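Trainee: fold the stuff below for me.
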Amino acid sequence: MAGTFELFVDEDSQIRFRLVMPDGHVLAVSGQFTDKRAAAAAIEEVRECAGTGLIRDVVSPSPSRAIVPVPHPRHTVRRGVRRLNSLGAA
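Mentor: From the prediction side, this is the model:
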């Protein structure tokens with residue numbers, strides 16, 4: 001299921017939009033727009049760009065931000081003793 005773009009008025013009385021997941025989690029909030037038409041045009045640009053957008057890492061490396069790879073559960077190595085049956089299969 002796709003997310004939803006919601007238009008809203010911020011505390012400065014400007015139009016903004018947010019991208020909301022089906023579970024209600026807010027993924028992104030836009031900058032300010034003077035009217036709904038400009039916000040709607042920006043939503044169209046996001047729709048056009050987001051599906052093909054690349055990820056660019058601009059975080060400077062530091063020891064406190066070390067990236068620890070999280071294994072995918074499907075490819076997790078199982079450790080332990082396994083006994084082979086008489087045919088040599090596990």
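Trainee: neighbours of residue 43, just the number please.
Mentor: Using other Cβ atoms under 10 Å, residue 43 is surrounded by 15 other residues. C-beta coordinates here come from the backbone N, C-alpha and C atoms, glycine included.
Trainee: does it touch residue 17 like I think?
Mentor: Yes: Residue 43 is within contact range of residue 17, at 5.9 Å (criterion: Cβ atoms under 8 Å).
Trainee: what ranges does this structure have for its helices?
Mentor: Along the chain, the segments classed as helices by DSSP state H run 36-50.
Trainee: tell me where the chain has strands.
Mentor: All strands of the chain, identified by DSSP state E, fall at 4-9, 15-20, 26-29.
Trainee: the last one: partners in the sheet, and parallel or antiparallel?
Mentor: Looking back up the chat, that one is strand 26-29. Sheet pairing of strand 26-29 (DSSP bridges) gives strand 15-20 (antiparallel).
Trainee: could you dump the strands of the chain to CSV with distance to residue 55 and mean pLDDT?
Mentor: Formatted as CSV, these follow (distance: least, Cβ to Cβ, whole Å; pLDDT from 0 to 100):
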stretch, distance to residue 55, mean pLDDT
strand 4-9, 21, 96
strand 15-20, 17, 96
strand 26-29, 14, 94
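Trainee: quick check, residue 17 in contact with residue 30.
Mentor: Yes: with contact defined as Cβ under 8 Å, residue 17 reaches residue 30; the gap is 4.7 Å.
Trainee: identify the contacts common to the two.
Mentor: 39, 42 (Cβ atoms under 8 Å, 6 or more residues apart in numbering).
Trainee: which regions of the protein sit below the pLDDT cut-off?
Mentor: Scanning the chain for pLDDT under 70 picks out the ranges 1, 63-90.
Trainee: okay, and the common contacts of residue 43 and residue 17?
Mentor: Between them, residue 43 and residue 17 share the contacting residues residue 5, judged by Cβ under 8 Å, 6+ apart.
Trainee: among the strands of the chain, which is the most enclosed?
Mentor: Among the strands of the chain, ranked by average contacts under mean count of other Cβ atoms under 10 Å, first place goes to strand 15-20 (a mean of 18).
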